[in-house]
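Peer 1: need a structure here:
(one chain, ligands or ions: 1)
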Amino acid sequence: MCPSKPALPWWARLYLWATERLYHEFAWAYDAVSWLVSLGRWHRWRSLALDHVWGERVLELGCGTGALLTETARRGWRTVGVEPSPEMRRVAHRRLRRAGSAASLLAADARALPFATGAFDTVVATFPSDYIARPEVLAEAARVLAPPAAGSGPRLVIAGLLVETDNRWLALLPWFAPAGSTVRAQEFLRERARDAGLVLTVQPHRDGPVQVPVLVLEKQHAE
Ligand SMILES: C[S@@+](CC[C@H](N)C(=O)[O-])C[C@H]1O[C@@H](n2cnc3c(N)ncnc32)[C@H](O)[C@@H]1O
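Peer 2: Here you go, the predicted structure:
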(Lines give C-alpha, C1' and ligand atoms only; values in the text may rest on other atoms or scores of the structure.)
Protein backbone atom coordinates (compact mmCIF):
# COMPACT_ATOMS: atom_id res chain seq x y z
CA MET A 1 0.00 0.00 0.00
CA CYS A 2 1.46 3.33 -0.98
CA PRO A 3 0.09 6.85 -0.37
CA SER A 4 1.36 8.27 -3.68
CA LYS A 5 1.77 6.12 -6.80
CA PRO A 6 5.32 6.30 -8.16
CA ALA A 7 6.23 3.86 -10.98
CA LEU A 8 7.12 0.53 -9.40
CA PRO A 9 10.59 -0.98 -9.93
CA TRP A 10 10.74 -4.18 -12.02
CA TRP A 11 11.21 -6.47 -9.03
CA ALA A 12 8.09 -5.04 -7.33
CA ARG A 13 6.08 -5.57 -10.53
CA LEU A 14 7.42 -9.12 -10.77
CA TYR A 15 6.48 -9.73 -7.14
CA LEU A 16 2.91 -8.46 -7.70
CA TRP A 17 2.61 -10.58 -10.83
CA ALA A 18 3.77 -13.67 -8.92
CA THR A 19 1.31 -13.06 -6.06
CA GLU A 20 -1.55 -12.79 -8.57
CA ARG A 21 -0.54 -16.20 -10.00
CA LEU A 22 -0.65 -17.57 -6.46
CA TYR A 23 -4.23 -16.31 -6.02
CA HIS A 24 -5.27 -17.99 -9.25
CA GLU A 25 -3.57 -20.79 -11.22
CA PHE A 26 -1.25 -21.71 -8.34
CA ALA A 27 -3.86 -21.40 -5.57
CA TRP A 28 -3.23 -25.07 -4.77
CA ALA A 29 0.31 -24.06 -3.67
CA TYR A 30 -0.74 -20.95 -1.66
CA ASP A 31 -0.66 -22.56 1.79
CA ALA A 32 2.77 -24.10 1.25
CA VAL A 33 4.25 -20.90 -0.18
CA SER A 34 2.83 -18.70 2.60
CA TRP A 35 4.16 -21.15 5.19
CA LEU A 36 7.59 -20.99 3.56
CA VAL A 37 7.86 -17.20 3.18
CA SER A 38 6.80 -16.67 6.81
CA LEU A 39 9.20 -19.33 8.11
CA GLY A 40 6.20 -21.39 9.25
CA ARG A 41 4.47 -18.47 11.04
CA TRP A 42 1.69 -17.50 8.57
CA HIS A 43 -1.21 -19.09 10.42
CA ARG A 44 0.03 -17.84 13.78
CA TRP A 45 0.28 -14.29 12.42
CA ARG A 46 -3.11 -14.34 10.74
CA SER A 47 -4.73 -15.80 13.88
CA LEU A 48 -3.64 -12.68 15.83
CA ALA A 49 -6.70 -11.01 14.27
CA LEU A 50 -8.99 -13.36 16.21
CA ASP A 51 -7.95 -11.86 19.58
CA HIS A 52 -9.65 -8.63 18.45
CA VAL A 53 -12.95 -10.04 17.18
CA TRP A 54 -16.02 -8.44 18.80
CA GLY A 55 -19.43 -10.12 18.76
CA GLU A 56 -20.42 -13.33 16.99
CA ARG A 57 -21.26 -12.38 13.41
CA VAL A 58 -17.97 -12.39 11.57
CA LEU A 59 -17.29 -11.60 7.91
CA GLU A 60 -13.89 -12.45 6.44
CA LEU A 61 -12.76 -10.53 3.35
CA GLY A 62 -10.40 -12.23 0.88
CA CYS A 63 -10.48 -15.48 2.85
CA GLY A 64 -8.15 -17.24 0.41
CA THR A 65 -7.86 -20.96 1.09
CA GLY A 66 -10.24 -20.76 4.08
CA ALA A 67 -7.89 -21.61 6.96
CA LEU A 68 -9.01 -18.72 9.18
CA LEU A 69 -12.63 -19.23 8.14
CA THR A 70 -12.50 -22.80 9.46
CA GLU A 71 -10.89 -21.56 12.68
CA THR A 72 -13.50 -18.81 13.30
CA ALA A 73 -16.38 -21.26 12.75
CA ARG A 74 -14.69 -23.73 15.14
CA ARG A 75 -14.78 -21.01 17.82
CA GLY A 76 -18.57 -20.90 17.53
CA TRP A 77 -18.84 -17.59 15.66
CA ARG A 78 -21.30 -17.27 12.79
CA THR A 79 -18.82 -16.84 9.99
CA VAL A 80 -19.08 -15.91 6.33
CA GLY A 81 -16.11 -15.58 4.00
CA VAL A 82 -15.92 -13.78 0.66
CA GLU A 83 -13.29 -14.47 -1.97
CA PRO A 84 -13.28 -13.30 -5.62
CA SER A 85 -10.82 -15.90 -6.94
CA PRO A 86 -12.56 -19.12 -8.09
CA GLU A 87 -9.30 -21.06 -7.68
CA MET A 88 -8.90 -19.93 -4.06
CA ARG A 89 -12.56 -20.72 -3.37
CA ARG A 90 -12.12 -24.24 -4.75
CA VAL A 91 -9.31 -24.91 -2.24
CA ALA A 92 -11.33 -23.26 0.57
CA HIS A 93 -14.50 -25.26 -0.19
CA ARG A 94 -12.46 -28.47 -0.02
CA ARG A 95 -11.02 -27.42 3.35
CA LEU A 96 -14.47 -26.51 4.77
CA ARG A 97 -15.91 -29.82 3.58
CA ARG A 98 -13.08 -31.85 5.11
CA ALA A 99 -13.42 -29.99 8.42
CA GLY A 100 -17.23 -30.36 8.39
CA SER A 101 -17.29 -26.58 8.93
CA ALA A 102 -20.45 -24.51 9.34
CA ALA A 103 -18.83 -21.43 7.79
CA SER A 104 -20.27 -20.10 4.51
CA LEU A 105 -18.17 -19.02 1.58
CA LEU A 106 -19.35 -16.69 -1.19
CA ALA A 107 -17.95 -15.42 -4.46
CA ALA A 108 -17.76 -11.68 -3.87
CA ASP A 109 -15.48 -8.68 -4.06
CA ALA A 110 -14.90 -6.49 -1.00
CA ARG A 111 -15.74 -3.43 -3.13
CA ALA A 112 -19.40 -4.49 -3.36
CA LEU A 113 -20.47 -6.75 -0.50
CA PRO A 114 -23.72 -8.68 -1.01
CA PHE A 115 -24.88 -8.17 2.58
CA ALA A 116 -27.42 -6.00 4.37
CA THR A 117 -26.33 -2.88 6.21
CA GLY A 118 -25.36 -3.68 9.81
CA ALA A 119 -25.22 -7.46 9.23
CA PHE A 120 -21.90 -8.12 11.04
CA ASP A 121 -20.18 -7.39 14.35
CA THR A 122 -16.63 -7.81 13.03
CA VAL A 123 -15.12 -7.77 9.55
CA VAL A 124 -11.70 -9.44 9.32
CA ALA A 125 -9.04 -9.25 6.62
CA THR A 126 -5.71 -11.06 6.98
CA PHE A 127 -2.76 -10.49 4.68
CA PRO A 128 -4.97 -8.42 2.40
CA SER A 129 -3.55 -7.08 -0.84
CA ASP A 130 -3.93 -3.40 -1.83
CA TYR A 131 -7.71 -3.74 -2.12
CA ILE A 132 -8.10 -3.16 1.62
CA ALA A 133 -7.04 0.52 1.43
CA ARG A 134 -9.53 1.41 -1.31
CA PRO A 135 -12.10 3.97 -0.11
CA GLU A 136 -14.99 1.86 -1.48
CA VAL A 137 -13.80 -1.22 0.46
CA LEU A 138 -13.49 0.72 3.73
CA ALA A 139 -16.93 2.23 3.10
CA GLU A 140 -18.43 -1.21 2.42
CA ALA A 141 -16.82 -2.67 5.57
CA ALA A 142 -18.26 0.22 7.61
CA ARG A 143 -21.69 -0.23 6.01
CA VAL A 144 -22.03 -3.95 6.79
CA LEU A 145 -20.91 -3.40 10.41
CA ALA A 146 -23.60 -3.04 13.08
CA PRO A 147 -24.21 0.42 14.56
CA PRO A 148 -21.63 1.23 17.26
CA ALA A 149 -22.42 0.31 20.86
CA ALA A 150 -21.31 2.08 24.05
CA GLY A 151 -17.68 1.21 24.84
CA SER A 152 -16.03 -1.15 22.39
CA GLY A 153 -17.96 -2.25 19.37
CA PRO A 154 -18.19 -3.21 15.71
CA ARG A 155 -14.88 -3.16 13.91
CA LEU A 156 -12.76 -4.03 10.93
CA VAL A 157 -9.70 -6.03 12.04
CA ILE A 158 -6.70 -6.26 9.73
CA ALA A 159 -3.65 -8.46 10.36
CA GLY A 160 -0.60 -8.94 8.18
CA LEU A 161 -0.84 -5.71 6.19
CA LEU A 162 2.21 -3.88 7.48
CA VAL A 163 4.69 -6.55 8.54
CA GLU A 164 8.03 -5.11 9.63
CA THR A 165 11.34 -6.67 10.60
CA ASP A 166 14.49 -5.39 12.25
CA ASN A 167 16.51 -8.29 10.81
CA ARG A 168 18.50 -6.86 7.90
CA TRP A 169 18.46 -10.15 5.93
CA LEU A 170 14.70 -10.63 6.24
CA ALA A 171 14.24 -6.97 5.27
CA LEU A 172 15.67 -7.82 1.83
CA LEU A 173 12.54 -9.89 1.09
CA PRO A 174 9.74 -7.88 -0.54
CA TRP A 175 7.05 -9.15 1.86
CA PHE A 176 8.87 -7.73 4.92
CA ALA A 177 9.25 -3.97 5.40
CA PRO A 178 12.24 -2.59 7.30
CA ALA A 179 11.42 -1.58 10.90
CA GLY A 180 9.79 1.84 11.14
CA SER A 181 9.14 2.12 7.40
CA THR A 182 5.36 1.66 7.43
CA VAL A 183 4.47 4.75 9.48
CA ARG A 184 3.36 6.72 6.38
CA ALA A 185 1.23 3.83 5.14
CA GLN A 186 -0.37 3.60 8.58
CA GLU A 187 -1.19 7.31 8.57
CA PHE A 188 -2.55 7.04 5.03
CA LEU A 189 -4.86 4.21 6.09
CA ARG A 190 -5.87 6.12 9.24
CA GLU A 191 -7.07 9.06 7.11
CA ARG A 192 -8.93 6.89 4.63
CA ALA A 193 -10.54 4.94 7.47
CA ARG A 194 -11.66 8.18 9.14
CA ASP A 195 -13.41 9.20 5.89
CA ALA A 196 -15.31 5.89 6.07
CA GLY A 197 -16.30 6.47 9.73
CA LEU A 198 -13.72 4.06 11.19
CA VAL A 199 -11.12 4.95 13.81
CA LEU A 200 -7.82 3.11 13.59
CA THR A 201 -5.79 1.89 16.54
CA VAL A 202 -2.65 -0.17 16.14
CA GLN A 203 -2.17 -3.18 18.41
CA PRO A 204 1.52 -4.14 18.31
CA HIS A 205 2.54 -7.81 18.18
CA ARG A 206 6.14 -8.96 18.01
CA ASP A 207 7.25 -12.45 17.00
CA GLY A 208 11.06 -12.63 17.24
CA PRO A 209 12.50 -10.22 14.66
CA VAL A 210 9.12 -9.65 13.02
CA GLN A 211 6.40 -7.19 14.01
CA VAL A 212 2.88 -8.07 12.92
CA PRO A 213 0.64 -5.26 14.18
CA VAL A 214 -3.10 -5.82 14.21
CA LEU A 215 -5.02 -2.81 12.93
CA VAL A 216 -8.37 -2.36 14.66
CA LEU A 217 -10.72 0.08 12.93
CA GLU A 218 -13.75 0.74 15.10
CA LYS A 219 -16.98 2.06 13.71
CA GLN A 220 -17.91 5.49 15.04
CA HIS A 221 -21.30 7.09 15.55
CA ALA A 222 -22.25 9.23 12.55
CA GLU A 223 -21.93 12.94 13.52
C1 LIG B 1 -2.52 -12.65 0.39
S2 LIG B 1 -4.08 -13.40 0.10
C3 LIG B 1 -4.66 -13.60 1.78
C4 LIG B 1 -5.52 -14.81 1.96
C5 LIG B 1 -5.89 -15.11 3.42
N6 LIG B 1 -6.68 -14.05 3.98
C7 LIG B 1 -4.66 -15.36 4.26
O8 LIG B 1 -4.53 -14.76 5.34
O9 LIG B 1 -3.84 -16.19 3.89
C10 LIG B 1 -5.11 -12.09 -0.50
C11 LIG B 1 -6.48 -12.56 -0.89
O12 LIG B 1 -7.30 -11.43 -1.18
C13 LIG B 1 -8.10 -11.73 -2.29
N14 LIG B 1 -8.55 -10.47 -2.91
C15 LIG B 1 -7.92 -9.72 -3.85
N16 LIG B 1 -8.67 -8.67 -4.19
C17 LIG B 1 -9.81 -8.75 -3.44
C18 LIG B 1 -10.98 -7.95 -3.35
N19 LIG B 1 -11.15 -6.86 -4.10
N20 LIG B 1 -11.96 -8.34 -2.50
C21 LIG B 1 -11.79 -9.44 -1.71
N22 LIG B 1 -10.71 -10.23 -1.76
C23 LIG B 1 -9.72 -9.89 -2.61
C24 LIG B 1 -7.20 -12.57 -3.19
O25 LIG B 1 -7.92 -13.31 -4.15
C26 LIG B 1 -6.48 -13.42 -2.15
O27 LIG B 1 -7.17 -14.61 -1.89
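Peer 1: Quick one: the strands in this structure, in order.
Peer 2: Using DSSP state E, the strands of the chain run over 57-61, 78-82, 104-106, 122-126, 155-159, 164-165, 177-178, 198-203, 206-207, 210-211, 214-219.
Peer 1: of all the ones you listed, which lies closest to the ligand?
Peer 2: Judged by Cβ to the nearest ligand atom, the one of those that comes nearest to the ligand is strand 122-126, at 3.6 Å. For the C-beta atoms, the positions are set from N, CA and C on the backbone; glycine is no exception.
Peer 1: The closest one vs strand 78-82, what angle?
Peer 2: Counting by axes from the mean of the first three to the mean of the last three Cα atoms, to 10 degrees, strand 122-126 points 50 degrees away from the direction of strand 78-82.
Peer 1: May I have the strands that pair with strand 122-126, each with its orientation?
Peer 2: The partner list of strand 122-126 in its sheet, established with DSSP bridges, is strand 57-61 (parallel), strand 155-159 (parallel).
Peer 1: Tabulate those (TSV), appending distance to F26 and mean pLDDT.
Peer 2: Converted to TSV, the strands paired with strand 122-126 look like this (distance: least, Cβ to Cβ, whole Å; pLDDT from 0 to 100):
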stretch	distance to F26	mean pLDDT
strand 57-61	21	97
strand 155-159	23	98
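Peer 1: Go through these and name the closest to S34.
Peer 2: strand 155-159 (13.1 Å; Cβ to Cβ).
Peer 1: Does the ligand have contacts with that closest one?
Peer 2: No. If you take Cβ under 6 Å from any ligand atom as the test, strand 155-159 misses the ligand, and the best it gets is 7.8 Å.
Peer 1: could you check the angle strand 198-203 makes with that strand?
Peer 2: Using the same axes, to 10 degrees: strand 155-159 against strand 198-203 is 40 degrees.
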